[in-house]
Every structure is written in C-alpha cells, then in structure tokens.
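Visitor: 3D, please:
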Amino acid sequence: MAVVRLETVDHQENGFVSSEPAFARLLPQIDGSVLPFLGGFGKYQKQLIVLTWIPALFIGFSQFSDYFLLAQPNNTCVYPAVNKGNWTGSSLALNVTPGTTPAPFIHGNDTNSDTNNTQCMCKEWTFEMETGLVQNVVTKWNLVCDSAWKVHIAKFSLVVGSIFGYLVMGVLADWFGRHPVLIVSVLFMLVFGLTVAFSVNVTMFSTLRFFEGFCLAGITLSLYVLRIELCLPGWRFSMTMVANFVLLGGQLLMPGLAALCRDWQVLQALIICPFILMLSYVWVFPESLRWLLSTQHYCRSKGLMQQIAKKNRVDTALDTSGILSELERELQKKPKKTCIVKLAGTRNLWKNIVVLCVNSLTGYGIHHCFARSMMDPEANDPTMFHSFYADYFTMAGIAVASCMALCPAVGYMGRRGGLLMFMIITALASLLQLGLLNLIGKYSLHHDTVLRDTLNKKFSVAFSIIGMFSSHAVSNLSIFFCAEITPTVIRGGGLGLVLASAGFGMLTAPIMELHNQKGYFLHHVIFACCTLICIICILLLPESRHQALPESIADGESYTRQPLLPPKKPGEQHLLLTKSETRDYSRVQDTPVHQAAAGAAAAASAAEVEVSENSTANGVRSS
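Guide: Predicted coordinates:
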C-alpha cells in the first residue's frame, strides 16, 4: 500500500488541531518531480552508477585480505629450545596443525608437567602456507604460540577501524556532502594502505590497518549512499545487488591475486593501488543532487540540474511543471545541516533504525557461529571443509547463492517480507542445530554410536549451510532497508549506525578465536535468541518498495507500519487519516449541548420566518 504524505500546516480551531494543505512544493519531491523532469533514470545516471560499481571490486579485495595476510600456516619446529635433558639429535621436527601449539616435549623417561612453558620452546620455525603466498604477516614475525594473540589483534584493527569509520564518516557525509567524504577517504586510503606494506613490526601493521579500515568504511558508505540517491524507486534494489555481486567477484579473485603475488607486501600494494583510479572522481563524479536539494544548497543544485539535463538531452526551456521557477525563488535560502542526533526526537524513525541495527548485528554475528560449526577445526576426521581453499570458496559460494536468492524474494515479497522470511529461516536453522541434534544424540541410535555421530555431523553441516545462506541475506537486506527508509538529511548517519552494528557482529569472530572458542555454545545461544526477537521487531517496520525516498525527517516519520497482508477492500486507508476524516465531527452531534444549540437555532429561525411573514402581510394591507 502506498504511503500517504501530506504537507500540512497546523491550525487550531475550537480546541481541535486541524490540518490544512499547504502550498505544494516541487523541489522536495525529487523522485516524483525533479528526476522525471531531468530525464528520469537516464544515460547520465547510468554512467555514474557504473562508476560506483567499479570500486566495489577493490573494496572486496580489501575486505577479504585478512584471509591471506593473517592466515595461520602449518608450523614445524626444526630446532627446539630446551634447558633440561639431552637430545640425541641436533634437530627435531614437530608438525603442528594451524592454530594449535606443539605437544609437550618428552625428555627420556621424564615428562615435563608444566606444559605452558614447554609447548612453544622453539628457536627456529618453518612454515608451510596454504593460501598461495610464500610469506605473510604470521610467518614474517613468527606470530605463533605465545605470540598468536597478536594475529587476533591485527584482525581486530581492521574491523574496529571500520566501525569508527562508519560512525564518523556517516555524520560527515550528512554535514559536508557525500563527494568530499569519498575523495578524502580515497586519499587517506592510498596513504595508509600503501604504508601497511612497509610495516616493520606487527604493532605498526595493526595500527595502520586500523586507519585503513577507517578510510575503507568512508569509501564504502559514501558510494552506497550515492548509488541509492541516484536511482528512481524501481531501480534502487537491482543496482545495489549488482554492486554486491561485483564485491563478491573481488572475494573470488583474491586467491588468484595471492598466488600471483606470492608475498604479502606485494599483495597489499596490489590491493591498494587500484584506488588511484578513484582520484579522477574529483572531476568526474558530482555531488548528490538529492542531498543538495534536501539541505537547501539551491545555488549548487541549479548548475548540477542543468548539467544533468544537458547529458540526458532534456530541454529545460519547456518548464511546464515550474520546477526551475520554484528553484529561482528559493535561491536566497541558506543551506541547513541536520545531525543524526535529531533522530532522538522522532517517534517512528528511531525505532526503525534500531530494529535494523539489531538485525544487522544478529545476521553477521550468527553467521560466524554457522561457519564455525561447518568448518570445525577440532573434528578428528578429515572432511571437505578442512582445507583453506575448500573453506574459502564454500563461504564465497554461499554468499553468491544468497544474493541470487535475495533478488526474486525481495521482488515478490518486498523488503519487509523478504527480511522476515530469511530471519525465520535463520532462526529455525539455529534452533534445530542447537536442539534437535542433541535430541537425536540423546534418545536415538544408542546401539550404533558411529552412525549416530555421522548423522549428527551431517545434519550440523546442512543446518550450518542453510544458516549461513539466510544470515547473509538478512545482513545485506538490513543495510539496504536502512538506506531506503532513512531521510536524505541523515541518511549517512543512519546507514553508518547499521553498518557499524554489522561491524560489531563481525567482531565476534576474532573475539571467539582470541579466547580459543571458549563459550562458543553460549555465544550461539545468545544470537539464536536474538533472531527470535528480530522476527517480532521486523513486523514493526514499514514497507519501502516502490516508494519515494524520504527527504526530510518529517518524511521519514510518515513511513509507518503497514499490515503484512494486503487489505481486503481496495483503497482502504491504514496509515494516515484523510482530510475528511480529520474534520469529521459527526460523532458529537447527539450530545446534550449540541441538541440544545440545535433547538435554539431552530426556534430562532422559526421566529425570523414568522416576523418576515407578518411584515409582508402588513405591507399588503397598507397597499
């Protein structure tokens, strides 16, 4: 059902607040008036959309670089360092699986009971990489055993930098525009990203990766907002999904780049160098017209509108709608800035964004739970999920399949219906994995433990794949949903909140690894409970399919909850009261005051009629 927006001015009449329609302005109606006047989704807009797709490939390289730069290799100790006992040989090879530590050394008949001191006593290590690289950060600075925690800190740095970047750059994008944030982020991304390749120790590497993540967040957020604001309602979702597929293409190409570079420093430089091409966006890519009009930058809007009309071959001299005339009248107005803190004074908008933040956090957080269940490193039997490339391409394939399923689901069910469906699937997969498998193991197949364990493991993998599939869809759709229902004046800040929540969900993975997966089951249970809460909260969201983007906070407030199923009677109004309904006082006609007033009015009118009849009769007699 369409969302009704009324531009009204409040008048107080007899103690009631009535709504009278104000002068209909055309400039705030960007999707309905301005963009169609400039040629709609024309050639110029399509060219700019392509320019937002190309950097998505580079962003994919940077986002998935940790899988290669910080991958744990197979460790082999070739020269143990011990202080007691004598070794029969000068060297001893100890094979260690990725992410684990060597077993305690045994000196003749004496076993050292203090395993914490003897597990990692080694003077020289050899490493065997599985990622296509000959050397990475772990092998360069021997980040194993007692130094393994530094790897997790390095993983923290990129994600934490992204979280701060989304929050800060989102606010700056609302204050100063999307274009300045994009260009500044690209400049500093080149500086910090290339400096990472010349790090001299892991501390320098982690610090620079924090700032790299900060700048990467600015590029991602500004491009996402620019892409959304360029499109008409029917094109927004499809253009966003194409960008997601390009980003996943970067994920799929990363193993080839790693095999081509062989060294982590070359790989890091190769990932960052393509961002040099984005320096041309200073001249090629304009500021968002939607943001300029919403923030009353009418002087800049006039030049940009003429440029867009010229590129789309639209004759602006035939201004039958009066848009340019209205723009001329508004040129004297001063620009205004709106901060995300204004969200606290709203009734509906803040609830919608909080719901989407929780959805995004839950989607990314539980995704790690499913991934760990599917690729359990503690399993003793080798499966297809116990090699680097199998794990990597399985996750990439699930992400691609999720995006492919998201397109028809959202097209048929809408944003809210699609989000609700995928969240229900995520919750079912999580609850079945946590509860049903334990019941299978407890109450059935007591006589055949091997068959029981096999079935349990296969069901766990199946539910994990389904859960990763649906949780990835939930995360992507929550971010897109937020970009649609957040007003233009605070879209950067609102989208930054949801993306930062997604970053907190991603942060749970290195946190669990840092604690050696302790509390993993409780971690999964908490996120499973969050999915149930999200299912209820999703019902409170509006539906934004085929709706114009809200431009002001008042527009964002007009997006209210609609029924999940279509109404039985066509044309039935569920959202806002119409003008006739707001002025309907028929319910108070039977009150005593109203009856007395009606009687007095009837008596007065009868008296007037009688007087007029008498005067007429007297006039006739006198004549």
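Visitor: so Thr394 is in which element?
Guide: In this structure, Thr394 sits in helix 388-431 according to DSSP states H and E.
Visitor: where does the stretch 101-250 of the chain have low pLDDT?
Guide: 101-125, 127 (pLDDT under 70).
Visitor: how about a cut-off of 90?
Guide: Scanning the stretch 101-250 of the chain for pLDDT under 90 picks out the ranges 101-156, 234.
Visitor: all strands of it, in order?
Guide: 106-107, 110-111, 122-128 (DSSP state E, counting those that start in this stretch).
Visitor: which elements pack onto the helix holding Thr394?
Guide: On a contact count with 3 or more Cβ pairs under 8 Å, 6 or more residues apart in numbering; DSSP states H and E, helix 388-431 meets helix 236-261, helix 349-374, helix 449-485, helix 520-538. Glycine gets a C-beta too; all of them are placed from N, C-alpha and C.
Visitor: out of those helices, deepest packed?
Guide: Counting by mean count of other Cβ atoms under 10 Å, helix 349-374 has the highest mean neighbour count of these, with a mean of 24.
Visitor: could you check the angle helix 388-431 makes with that helix?
Guide: 120 degrees (axes from the mean of the first three to the mean of the last three Cα atoms, to 10 degrees).
Visitor: pretty sure Thr316 belongs to a helix, no?
Guide: No. Read with DSSP: H, G, I helix; E, B strand; the rest coil, Thr316 is coil and lies in no helix.
Visitor: skipping its backbone neighbours, what lies nearest Leu208 in space?
Guide: Leaving out its chain neighbours, the residue that sits closest to Leu208 by Cβ to Cβ, 6 or more residues apart in numbering is Val196, at 4.5 Å.
Visitor: contacting residues for that neighbour?
Guide: 205, 208-209, 212, 268, 272 (Cβ atoms under 8 Å, 6 or more residues apart in numbering).
Visitor: and for Thr346?
Guide: 553, 556-557.
Visitor: pLDDT value on the closest residue to Ala548 other than its chain neighbours, please?
Guide: Spatial nearest neighbour of Ala548, excluding adjacent residues (Cβ to Cβ, 6+ apart): Asp31 at 3.7 Å. At Asp31, the model reports a pLDDT of 87.
Visitor: wait, isn't Asp31 in contact with Pro233?
Guide: Yes. When contacts are counted by Cβ atoms under 8 Å, Asp31 is listed as touching Pro233 (6.0 Å).
Visitor: which residues do these two both contact?
Guide: Counting by Cβ under 8 Å, 6+ apart, the residues touching both Asp31 and Pro233 are 548-549.
Visitor: so, low pLDDT: which residues of the stretch 501-623 of the chain?
Guide: Within the stretch 501-623 of the chain, the stretches with pLDDT under 90 are 505-528, 540, 543-547, 552, 554-623.
Visitor: phi, psi for Ala317 please.
Guide: phi -70, psi -30 (degrees, to the nearest 10).
Visitor: so how far is Gln29 from Arg329?
Guide: The gap separating Arg329 from Gln29 is 16 Å, by Cβ to Cβ, to the nearest Å.
Visitor: typed the wrong thing, it's Tyr224
Guide: 23 Å.
Visitor: repeat that for Ser199.
Guide: 52 Å.
Visitor: out of Tyr224 and Gln29, which sits in the more crowded spot?
Guide: Legend: neighbour count by other Cβ atoms under 10 Å for Tyr224 and Gln29, higher for Tyr224 (22 against 19).
Visitor: need the contact list for that one.
Guide: 240, 243, 479, 483, 495.
Visitor: so the fourth one touches Ile228, yeah?
Guide: It stands for Ala483. Yes. Checked against Cβ under 8 Å, the pair Ala483 and Ile228 is within contact range at 4.8 Å.
Visitor: who touches both of those two?
Guide: Arg491.
Visitor: could I get the pLDDT score of Ala93?
Guide: 37.
Visitor: equivalent analysis for the one 5 residues further on, please.
Guide: Pro98 is assigned 38 on the pLDDT scale.
Visitor: check Met374 too.
Guide: Note on Met374: pLDDT of 78.
Visitor: now it. Nearest residue, chain neighbours left out?
Guide: Nearest non-adjacent residue to Met374, counting by Cβ to Cβ, 6+ apart: Ser464, 3.7 Å away.
Visitor: ok, now which ones touch the one you found?
Guide: 370-371, 373-374, 429, 433.
Visitor: Gly467 now?
Guide: Contacts of Gly467 (Cβ under 8 Å, 6+ apart): 366-367, 369-370, 425-426, 429-430, 433.
Visitor: so which of those residues is the closest to Met404?
Guide: Nearest to Met404 among those is Ile425, at 15.3 Å by Cβ to Cβ.
Visitor: so which of the contacts of Val196 are in helices?
Guide: 205, 208-209, 212, 268, 272 (DSSP state H).
Visitor: if we can go back for a sec, could the contacts of Gly467 be laid out in TSV, adding distance to Leu292 and pLDDT?
Guide: Listed next are the contacts of Gly467 as TSV, based on distance: Cβ to Cβ, whole Å; pLDDT from 0 to 100:
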residue	distance to Leu292	pLDDT
Ile366	40	91
His367	37	88
Cys369	44	85
Phe370	43	88
Ile425	41	95
Thr426	39	94
Ala429	45	91
Ser430	45	90
Gln433	49	84
